[in-house]
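Novice: Please work out how this folds:
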Amino acid sequence: MARAGIVMMALLLSAPASGTELRCANPIDPRAQAAACTKFIDAGPRDAAHLSRLHRTRGDALMRLKRHDAALRDFDTAIRLAPGSVAAYYARGRAYRALKAYAKAVADLDTVIRLAPDNAGAYVTRADMRFALGRYEAAIADYSRYARFKPDDPFVYGWRGRAYAQLKQYRRAIRDYTKALRLYFPRDPGVYYHRGRAHAHLRDYRSAVADYDRVLRLTPQHSEAHLARGEAHLELRRPRRAVADFTAFIEQRPRDPRGYRARARAYEALGKRLLADRDVRQARRLSRSN
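Specialist: Numbering: from 1, shown residues only. Next comes the predicted model:
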């Protein structure tokens, strides 16, 4: 919205504003905005910087319409017309991200950071792309740079925690998840779930169960939390509680063989061999059909 306001001001200062021009700068209705920008672009020649902004504005409208390929073409044109435009590279990076072309998105964000090293948003966006590419150490470096600009943003600690977990640095992951929860997310089940998983990897199953308890109080239908809590209960030699969790998982996801395999182990621990065998057979049937 702020970017659109800047574009509007630039347009208004450059020439008397027509109705078409105002609609091109108005982000409320992206379909009308894209159509108005097209008319304005087709109306006649203007200086390269102005035309670059128009293509970028239309590209932003097309992004909101989920027309990512068309938006990408506009951002390409915007960059060709104004190769030093930080906003155009940033916009094209977002389009590549939407198209899951993460390596190309990273390349554009590299350019943004080279041109504007204090652009905090570029660091966190590039971190997300590096995470998607499995480049977790590089993602952590970018999340850490962003955190220096925005130390009170809880999102960065949640995502950096997930990157640490991917590298099996679970203690660091737990510290970041805890900071995210303290800053802003005391009721976010996702952060509790991931912290629980990190505790479980460290064999701190009681702490893991406590986090899964919080997840399920907030989101009773969180099937993965039932499965993970059941596994933790098994490690704590609580097979009856494990059976209850695995059964809840099966009720929510009856076609997933993991629940049956896990419950079979819990039944084995309880000495209920017939029930365990039945679950093993069902898990095999589902694995074949899936």
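
Novice: Okay, domains of this structure per the record?
Specialist: 1-99, 152-220, 221-290 (automatic domain parsing).

Novice: Do you know the pLDDT at the closest residue to residue 170 other than its chain neighbours?
Specialist: Sequence neighbours aside, residue 198 is the residue nearest to residue 170 in space, at 4.3 Å (criterion: Cβ to Cβ, 6 or more residues apart in numbering). The C-beta positions use only the backbone N, C-alpha and C, and glycine is treated the same way. Here, the pLDDT recorded for residue 198 equals 98.

Novice: same check, this time on residue 217
Specialist: For residue 217, the model assigns a pLDDT of 96.

Novice: I'd like the next helix or strand past the helix or strand hosting residue 89.
Specialist: For residue 89, the host element (DSSP states H and E) is helix 86-98. Counting by DSSP H and E, the element after helix 86-98 in chain order, helix or strand, is helix 102-115.

Novice: Show me what counts as buried in that following helix.
Specialist: Neighbour-count burial for helix 102-115 flags 102, 104, 105, 106, 107, 108, 109, 111, 112, 113 (criterion: 16 or more other Cβ atoms under 10 Å).

Novice: Which one of those residues is nearest to residue 221?
Specialist: residue 102 (31.1 Å; Cβ to Cβ).

Novice: Take the domains of the chain and lay them out in TSV including mean neighbour count.
Specialist: Putting the domains of the chain into TSV (neighbours: other Cβ atoms under 10 Å) gives the following:
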stretch	mean neighbour count
domain 1-99	18
domain 152-220	20
domain 221-290	18
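
Novice: returning to that earlier point: elements contacting the helix holding residue 89?
Specialist: Applying 3 or more Cβ pairs under 8 Å, 6 or more residues apart in numbering; DSSP states H and E, we find helix 86-98 packed against helix 48-64, helix 68-81, helix 102-115, helix 120-132.

Novice: coming back round to it: tell me which element the residue nearest to residue 170 is part of?
Specialist: helix 189-201.

Novice: For that helix, what is the distance to the chain centroid?
Specialist: 17 Å (Cα atoms, centre = their mean, to the nearest Å).

Novice: Would you mind getting the angle between whichever helix or strand comes after it and helix 189-201?
Specialist: As assigned by DSSP H and E, the chain's next helix or strand after helix 189-201 is helix 205-218. Following axes from the mean of the first three to the mean of the last three Cα atoms, to 10 degrees, one obtains 160 degrees for the angle between helix 205-218 and helix 189-201.

Novice: gap between helix 205-218 and the chain center?
Specialist: That offset, for helix 205-218, works out to 23 Å (Cα atoms, centre = their mean).

Novice: helices or strands up against that helix?
Specialist: When contacts are defined as 3+ Cβ pairs under 8 Å, 6+ apart, helix 205-218 packs onto helix 189-201, helix 223-235.

Novice: So for residue 85, which of those sits nearest?
Specialist: Short answer: helix 189-201, nearest of the helices and strands packed on helix 205-218 by Cβ to Cβ, at 35.8 Å.

Novice: so how far is residue 70 from residue 144?
Specialist: 36 Å (Cβ to Cβ, to the nearest Å).

Novice: Same check on residue 247?
Specialist: 49 Å.

Novice: Check residue 186 too.
Specialist: Going from residue 186 to residue 70 by Cβ to Cβ gives 42 Å.

Novice: same check, this time on residue 45
Specialist: 22 Å.

Novice: Same check on residue 58?
Specialist: Residue 58 is 9 Å from residue 70, by Cβ to Cβ.
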